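Chemist: Could you work out the structure for the sequence below:
(chains A and B)
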Amino acid sequence: MNYFEVFELEPTLGLDTVQLEKKFHALSREHHPDYHTDRSPEERERALRMTALVNDAYRILRNSTRRAEYLVRSAGFEVDGSKVPQALLTEVFEINEELEGLRSARQSGNDTESLIKGLEEFRTQIATRRNDYETELQALSSEWDRLISSGAGEEERNEFLKRLADIISQSAYIRNLEREIDEEVSQ
Amino acid sequence: MSRIVGIDLGTTNSLVAIAEDGVPRILPDANGRNLVPSILHFPGNGKVLVGDAARERILDDSAHTVFSIKRFMGKGMADVRDDLSLLPFEATPDSDNIIRINIMGRDYTPPELSAFILRELKQNAELALGETVTNAVITVPAYFNDAQRQATKDAGRIAGLDVLRIVNEPTAASLAYGLQEGTEGIIAVYDFGGGTFDISILKLSEGIFEVLSTSGDTYLGGDDIDKVLMRMVIDELETSPEGDRLQQVRVAVRQAKEDLSSAGEGHIDLPGFNYARKIGRGEYEELIAPVIERTLVPCRQALKDAGLKPGEIDQVVMVGGSTRIPAVRERVGELFGREPHTELDPDEVVALGAAVQADILAGSRRDTLLLDVTPLSLGIETIGGVMSKIIPRNSTIPASATEAFTTYVEGQTNVKIHVLQGERELLEDCRSLAEFDLKNIPPMPAGLPRIEVKFLIDADGILSVSACELRTGKYQSIEVKPTYGLTDEQVERMILESFEFAETDIEARLVIEARNETETVLKACASSRNQPQYGALPDKERQEIEIAVARLEDTVKSEDHEAIRDAIEALNEATMGLAEMIMNAAVFKALKNKRVKEVQ
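Modeler: Model prediction:
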């Protein structure tokens, strides 16, 4: 059973989180081990595994990023946040140089103030980029949901999932880069 | 199912409670006391004293008195070296992966020591309920890791308890509070106990208590406030105290700390050291401010993890003895921008909540459900000493994750897996949880076998592992060797060894209790019969008393505690008139004396 099926949902990306929470509570009341203590060991084991599945599913589905990643991954597409997106090649190159500069300045005890300032500017630029990706991802998500409700065939779906996987990989890369800058700057 | 009790196994005090008709209440000991100090004393006659009786020996025989055991649960020597320097007991050198404390030539692990406390609580519950108790829910700090939870469960087993659930203390407290007030919304539980600190943020909605995030420090509590004060005193003493004298310092500063929660100043008096000093509220608060500040770091973390701002918390609940300190309440109030709740006794609220959870497990309560989380991320070691997270912290439990492993060498039949708990990326900054081998992999070219390993964290927050080789479809039983803690065989052996300490069963104890009471009642009766009022009684009443005395003296020789209780009751009834006359005479006499004095 995949996570969407656990919640009796179509594999769509736009979700009503209030409804999702309601369903989560209802499924918890139905399966939770606390309500099955007087059953046979096999039934208790089943309650435990079912509740774990409900919880795992809710953890992924409630968060739009994780939900999208799960959707493409479970269809067999890879999400790789370590590949530099083509459109960002020059920026990433410069950022890496700055990061390297900051590290060696720290090691040799040189002034790091201007380097940190430079990195913070890059950080703002990247945040704008990430916003762009997120907007694009949102648009693609709504398109995907329309595709699902119109009952599109497997070929059409897979083609679309591949585009989704690309966008998700690229925004994952940016998030990783942002984290790296934050860590280096705050040291 | 027989009844299930809720147990708060605390660093400083422990309690047992039960819910009846949905209402939880503490089960007191034979002397009517709710709190059992978590202290053991080994007098050297093969017996172990627990609680108040043990506490009395801290000052004069500290070498055989053990306390704050909870701080050692699931720990290795390297974790607690600093703490041991301020404690009077000694750990044996063989303590790397589990602390062993040597008392009178015998080594005890923390679960065995905790089991003595649990056994005492079990017996108290049996006396109060008049029936055998074997099922329990035990609470632990929310931030306890896998090893600490397992150690607590082991302690329960050694004490002869079936531990049906390990519940997080702040979550238990929220049950007690939430039910009482019928609360809905977001609540934060700030739990500052004797040895541990927890913060949990929950969402309460239609009977579902959903933990959104939790954080804490399992090595931060009232003990640390004592330590700050002890260091201050020791610095001011001419020679540094050891053994019993060190305990005198501990008891003195603790008294001052408790006084300072209500008074403007405290006194630390140590006549044996020729030392006495006053400590004002201001000086005290300045000294302990860093300790309080340390609790605020996890609070901010928990807020962040829940995606909430302080202003979005509807209610703040205070739990644990250390929240009696006014400066703690103030700082917490400041952080969340609201007055924290302190209506329920901070020492009792966790045990009461545990009893409610026990009630849910017993099936008597279908309106309430607790959804708790795992406090720490679970991960596995990958190439380069890096931890790869597979279940993130604050995931609702039970939770699971499946990882695929393969081989690196042709014909490889073993894969080693190292499981870790923690938030940092590097292996060395995380807590090693267990190591195990995937064995009997069918020999195949490198990279071809596909072994799926399923990690499952159960509702107690404890990990289990199963594996399946996908190409052959063969399931594997996995023997997980815990890094810190006891193996199953060790626990089994301890259960056997513990029988030498086990008291006789509940029936026998009820008889002993009834006989003790008989002695008291007969003594009181004998002294009443020496009073002049006895002679003034009508013959019939005197005769009834004599018959009742004879009946009790006879029944007490039997093994039937109910018959003994009935006979006691009968004697009490027969002497009621006499008792009243004696009482009246005493009151009259007291009044007369007073009048005489007043006239003078």
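Chemist: okay, now residue B:382: neighbour count?
Modeler: When neighbours are counted by other Cβ atoms under 10 Å in any protein chain shown, residue B:382 registers 11. For the C-beta atoms, the positions are set from N, CA and C on the backbone; glycine is no exception.
Chemist: tally of neighbours for residue 169?
Modeler: Here I'm looking at chain A. Residue A:169 has 19 neighbours, counted by other Cβ under 10 Å.
Chemist: hmm, I had chain B in mind actually
Modeler: Residues lying near residue B:169 (other Cβ under 10 Å) number 30.
Chemist: and what of residue A:117?
Modeler: 10.
Chemist: again with residue B:306
Modeler: Here the count is done by other Cβ under 10 Å, and residue B:306 has 22 residues near it.
Chemist: Repeat that for residue B:448.
Modeler: Residue neighbour count, defined by other Cβ under 10 Å, stands at 13 for residue B:448.
Chemist: cool, the one 3 residues further on as well?
Modeler: Residues within reach of residue B:451, counting by other Cβ under 10 Å, total 21.
Chemist: Now do the contacts for it.
Modeler: If you count contacts by Cβ atoms under 8 Å, 6 or more residues apart in numbering or on different chains, residue B:451 has them with B:404-406, B:415, B:438, B:441, B:467-470, B:476.
Chemist: How about residue B:371?
Modeler: By Cβ under 8 Å, 6+ apart, the residues touching residue B:371 are A:28, A:32, B:208-211, B:396.
Chemist: if we go to 10 Å?
Modeler: Going by Cβ atoms under 10 Å, 6 or more residues apart in numbering or on different chains, residue B:371 touches A:24-25, A:28, A:32, A:34, A:51, A:55, A:58, B:171, B:202-203, B:208-212, B:396-397, B:459.
Chemist: pLDDT value on it, please?
Modeler: Looking at residue B:371, its pLDDT stands at 96.
Chemist: Ok, residue B:580 next?
Modeler: Residue B:580 carries a pLDDT value of 85.
Chemist: Would you confirm that it contacts residue B:533?
Modeler: Yes. Using Cβ atoms under 10 Å, residue B:580 is in contact with residue B:533, at 9.4 Å.
Chemist: who has more neighbours, these two?
Modeler: Shown here are residue B:580 and residue B:533; by other Cβ under 10 Å, residue B:533 has more neighbours (18 against 11).
Chemist: Excluding sequence neighbours, find me the nearest residue to the more buried one.
Modeler: Nearest non-adjacent residue to residue B:533, counting by Cβ to Cβ, 6 or more residues apart in numbering or on different chains: residue B:581, 4.4 Å away.
Chemist: The one you found: helix or strand, and which one exactly?
Modeler: When elements are defined using DSSP states H and E, residue B:581 is found to belong to helix B:576-599.
Chemist: hmm, back to that, what count of nearby residues applies to the residue nearest to residue B:533?
Modeler: Residues lying near residue B:581 (other Cβ under 10 Å) number 17.
Chemist: for residue B:570, same thing?
Modeler: Applying other Cβ under 10 Å, we find 17 residues neighbouring residue B:570.
Chemist: From residue B:564, how far out is it?
Modeler: The gap separating residue B:570 from residue B:564 is 11 Å, by Cβ to Cβ, to the nearest Å.
Chemist: so what's in contact with the two at the same time?
Modeler: Residues touching both residue B:570 and residue B:564 (Cβ under 10 Å, 6+ apart): B:552, B:555.
Chemist: need the helix or strand of chain B with the lowest average pLDDT.
Modeler: Scoring the helices and strands of chain B by mean pLDDT, DSSP states H and E places strand B:474-476 at the bottom, with a mean of 68.
Chemist: are any of the contacts of residue B:371 buried, and which?
Modeler: By neighbour count, with 16 or more other Cβ atoms under 10 Å in any protein chain shown, these hold A:24-25, A:28, A:32, A:34, A:51, A:55, A:58, B:171, B:202-203, B:208-212, B:396-397, B:459 as buried.
Chemist: Before I go, just wanted to say thanks for your time.
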